[in-house]
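Engineer: here is a sequence with its predicted model. Questions after.
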Amino acid sequence: MTSVDTAAENRELKRKVQALSSRNAKLAELLKFSRDNLSSLHAEIDQLGEPASTYGIFMGSVKEGKEAEVFTSGRQMRLKVSPNLYGQEFEPGALVRLGEGLVIVENCGLPKTGTLATLLEKVGDQRAIVCDQNGNESLVLLTDKIQTEARAGDTVLTDYKAGFAFERVEKTEVAQLSLEEVPDVTYDDIGGLAPQIEAIRDSVELPFSHPELYREFDLKPPKGLLLYGPPGCGKTLIAKAVANSLSSRIGDGGKSYFLNVKGPELLNKFVGETERRIRLIFERARELAGDGRPVIVFFDEMESIFRTRGSGVSSDMETTVVPQLLTEIDGVEDISNVIVIGATNREELIDPAILRPGRLDIKIRVSRPDREGAADIFARHLNDKVPHEGDIQDLIDAAVGGLFAPRPYVRLELVDGSVEVLNYSDFVSGAMIANVVDRAKKLAIKDHIAGVSTSGLTAEHLRRAVVAEQNESEDLPNTSNPDEWSRISGRIGKKVLNAEVIG
Ligand code: ATP
């Protein structure tokens with residue numbers, strides 16, 4: 001063989017080796033691809049055979065996306081991410097599905113449901129203080145989506161446990177602050193307050209139903225009234241009945257609006273925020289009043305927010321909040337169908353400017369019922385339609401007797417050394433009577449189910465209900481603070497040094 005032949009053979013062999021090794025590389029690649037494919041198919045098959053999944057909230061990824069911090073079953077855990085999801089973007093706050101062994105197997109996106117909270121304040125770019133309906137505050141993380149768009153005062157969808165606020169929920173602030181409703185309470189539902197009701201009808205309804213006479217006599221209709229007195233005696237009922245009664249006077253099927261604003265819910269510690277909310281409520285009232293229907297703006301627990309300026313009780317907030325309310329009340333002067341009603345247990349705390357002529361200038365005391373009043377209230381809650389035994393009036397009289405029976409509740413030592421004992425009967429309220437009737441009805445139902453032979457509610461049911469209500473009532477003042485007792489027991493007119501609840 002010549003040297004030329006040998007060289008040619010060598011080249012040929014090299015070419016073959018090259019071709020084979022490139023084929024080999026391709027095969028190796030194919031093998032790897034098939035293996036990968038196979039393992040992901042295996043993973044899918046495994047998933048199909050898995051037990052029911054649990055879910056968690058993705059908090060952040062670690063180890064180049066191969067593991068993640070997840071909040072699940074009430075705790076934070078570090079979990080593996082399924083290889084299928086490597087390289088996929090997870091947004092913090094996203095809901096993730098967890099497969100067997102708590103491996104993250106699916107990204108479900110941001111949760112669509114949760115608890116609503118109010119965003120109080122942003123803390124840096126990524127966190128915020130939110131507050132639930134009971135006023136509990138939490139610090140939560142904000143998802144990317146709401147980091148830019150959410151502002152203080154917004155309603156946000158949250159998961160308190162995971163510590164995330166996911167999205168901003170459109171809900172008008174006025175709807176949050178006031179409950180708009182068409183009340184179905186009438187004056188007939190209210191017991192023991194006939195003189196108060198008469199005074200209100202004269203002052204509010206007359207100008208409403210005869211505006212022309214008021215114009216002719218150049219008499220300004222009242223803009224509002226203040227109902228004051230102890231808790232649970234019918235202030236809210238009266239305000240609702242006013243709204244209802246006014247509506248029946250316009251005769252288009254009787255609709256009226258009742259903006260029920262709870263004083264404490266208006267409060268906001270941010271400068272100017274409470275004022276803005278007051279403005280919004282009156283804006284809404286004017287809007288509703290536009291079609292001629294009566295609009296009652298009812299402020300419950302008014303003293304919580306419209307305190308005497310300079311009293312320093314709740315910082316200096318009053319100095320700007322009170323004038324805002326005054327401006328708004330003055331602003332609805334020409335709108336005859338908007339009436340402002342305030343309710344309070346502490347009228348002495350309310351800024352006097354709010355009670356001047358042209359504002360809430362009609363003050364009506366809604367007192368605790370006496371025996372006669374109590375019987376009248378009982379009659380609104382218990383009538384012949386309820387199955388009962390004997391004469392309904394006798395039952396009511398027995399219940400009133402029970403409520404007013406002398407039973408000591410608190411022993412007060414006064415500044416002059418004397419001792420005064422207040423009885424349960426000193427704290428009777430309409431709310432308590434309504435509760436007594438409800439309790440007695442429940443007892444009657446229980447007896448009926450147990451096969452006790454009565455023809456309905458009995459005097460004994462009412463007697464037991466009175467005792468239970470007195471023992472458990474949340475409306476009874478329960479404070480050991482002597483100053484509070486000096487105020488509550490105002491009829492004594494002497495300072496209380498020591499108070500002991502003995503009932
Ligand atoms: P608060 O100061 O705590 O807001 P309130 O004076 O506004 O109390 P209401 O809300 O009007 O009290 O009364 C609570 C419930 O008690 C009523 O829904 C009603 O069932 C009953 N009630 C109170 N007063 C009367 C009353 N005079 N006649 C009939 N029911 C009454």
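Structural biologist: Arrived safely.

Engineer: now do the residue in the stretch 401-503 of the chain that the ligand sits nearest to, the pLDDT please.
Structural biologist: The stretch 401-503 of the chain approaches the ligand most closely through Gly430 (2.0 Å), counting by CB to the nearest ligand atom. (Glycine included, C-beta is placed from N, CA and C.) Here the pLDDT value assigned to Gly430 is 96.

Engineer: and this protein, which of its residues are near the ligand?
Structural biologist: 190-193, 231-237, 300, 343, 345, 366, 377, 380, 430-431, 434 (CB under 6 Å from any ligand atom).

Engineer: ok, of these, which come out buried?
Structural biologist: Applying 16 or more other CB atoms under 10 Å to those, the neighbour count classes 190-193, 231-237, 300, 343, 345, 366, 377, 380, 430-431, 434 as buried.

Engineer: helix, strand or coil for Ser336?
Structural biologist: Going by DSSP: H, G, I helix; E, B strand; the rest coil, the secondary structure assigned to Ser336 is coil.

Engineer: before we move on, the earlier item: show me what contacts the residue of the stretch 401-503 of the chain closest to the ligand?
Structural biologist: Applying CB atoms under 8 Å, 6 or more residues apart in numbering, one finds that Gly430 lies in contact with Gly191, Gly192, Gly232, Cys233, Gly234, Leu237, Pro369, Ile377.

Engineer: swap in 7 Å and give it another go.
Structural biologist: Applying CB atoms under 7 Å, 6 or more residues apart in numbering to Gly430 gives the contacts Gly191, Gly232, Cys233, Gly234, Pro369, Ile377.

Engineer: what's the most distant pair in these?
Structural biologist: The span of the contacts of Gly430, defined through CB to CB, is set by Gly191 and Gly232 at 12.9 Å.

Engineer: what distance separates the opening and closing residues of stretch 207-217?
Structural biologist: 11 Å (CA to CA, to the nearest Å).

Engineer: now the stretch 301-450 of the chain, which segments are flagged as low pLDDT?
Structural biologist: For the stretch 301-450 of the chain, the stretches with pLDDT under 70 are 310-318.

Engineer: now the helices for it?
Structural biologist: 318-331, 371-381, 392-404, 430-449 (DSSP state H, counting those that start in this stretch).

Engineer: of all those, which lies closest to Ala19?
Structural biologist: Closest to Ala19 of the helices of the stretch 301-450 of the chain, according to CB to CB: helix 318-331, at 88.7 Å.

Engineer: and that closest one, what's buried?
Structural biologist: Neighbour-count burial for helix 318-331 flags Glu318, Val321, Val322, Gln324, Leu325, Leu326, Glu328, Ile329, Gly331 (criterion: 16+ other CB under 10 Å).

Engineer: which one of the residues you listed is nearest to the ligand?
Structural biologist: Nearest to the ligand among those, with distances taken as CB to the nearest ligand atom, is Leu325, at 19.0 Å.

Engineer: longest helix of this protein?
Structural biologist: helix 3-48 (DSSP state H).

Engineer: how far does it sit from the chain's center?
Structural biologist: For helix 3-48, the distance from its own C-alpha centre to the chain's C-alpha centre is 69 Å (CA atoms, centre = their mean, to the nearest Å).

Engineer: now that helix: mean pLDDT?
Structural biologist: Here the average pLDDT along helix 3-48 is 84.

Engineer: residues contacting Ala343?
Structural biologist: Contact partners of Ala343, counting by CB under 7 Å, 6+ apart, are Leu227, Lys235, Thr236, Ala239, Phe299, Asp300, Met302.

Engineer: residue contacts, Asp438?
Structural biologist: No residues are in contact with Asp438 under the rule CB under 7 Å, 6+ apart.

Engineer: tell me the contacts of Glu389?
Structural biologist: By CB under 7 Å, 6+ apart, the contact set of Glu389 is Thr454, Ser455, Gly456, Leu457, Thr458.

Engineer: for it, give me phi and psi.
Structural biologist: When quoted as degrees, to the nearest 10, the phi and psi of Glu389 stand at phi -110, psi 130.

Engineer: filter the contacts of Glu389 down to just the buried residues.
Structural biologist: Gly456, Leu457, Thr458.

Engineer: please report the distance of the first one from His381.
Structural biologist: Translated: Gly456. Here Gly456 is placed at a distance of 15 Å from His381 (CB to CB, to the nearest Å).

Engineer: next: the second one.
Structural biologist: Distance of Leu457 to His381, given as CB to CB: 11 Å.

Engineer: over to Gly232?
Structural biologist: 13 Å.

Engineer: got it, and Arg463?
Structural biologist: Taking CB to CB, one finds Arg463 at 16 Å from His381.

Engineer: any idea how this structure splits into domains?
Structural biologist: Per automatic domain parsing, the structural domains of the chain span 1-49, 54-107, 115-171, 187-365, 371-501.

Engineer: I'd say Pro231 and Asn345 touch.
Structural biologist: Yes - counting by CB atoms under 7 Å, Pro231 touches Asn345, with 5.5 Å between them.

Engineer: and Glu170, how many residues sit next to it?
Structural biologist: By the criterion of other CB atoms under 10 Å, Glu170 has 6 neighbours.

Engineer: tell me the confidence at it?
Structural biologist: You'll see Glu170 listed with a pLDDT of 72.

Engineer: okay, and the beta partners of Lys363?
Structural biologist: Leu226 (DSSP bridges).

Engineer: what about it, distance to Thr344?
Structural biologist: From Lys363 across to Thr344, the span is 10 Å (CB to CB).

Engineer: quick one, which of those two is more surrounded?
Structural biologist: Set Lys363 next to Thr344 and count neighbours by other CB under 10 Å: Thr344 wins out with 21 against 14.

Engineer: residues touching the more buried one, list them.
Structural biologist: Neighbours of Thr344 in contact, by CB under 7 Å, 6+ apart: Leu226, Tyr228, Glu301, Met302, Glu303, Ile350.

Engineer: so Leu139 sits in a strand?
Structural biologist: Yes - the assignment for Leu139 by three-state DSSP puts it in a strand.

Engineer: roughly how far apart are it and the ligand?
Structural biologist: 33 Å (CB to the nearest ligand atom, to the nearest Å).

Engineer: ranges for the strands of the stretch 101-250 of the chain?
Structural biologist: In the stretch 101-250 of the chain, the strands defined using DSSP state E, counting those that start in this stretch lie at 104-107, 115-123, 127-131, 137-142, 155-159, 164-169, 178-181, 224-228.

Engineer: those: which one's closest to His42?
Structural biologist: Closest to His42 of the strands of the stretch 101-250 of the chain is strand 104-107 (CB to CB; 13.2 Å).

Engineer: what helices or strands is the closest one leaning on?
Structural biologist: strand 95-98 (3 or more CB pairs under 7 Å, 6 or more residues apart in numbering; DSSP states H and E).

Engineer: fine by me, we can end here.
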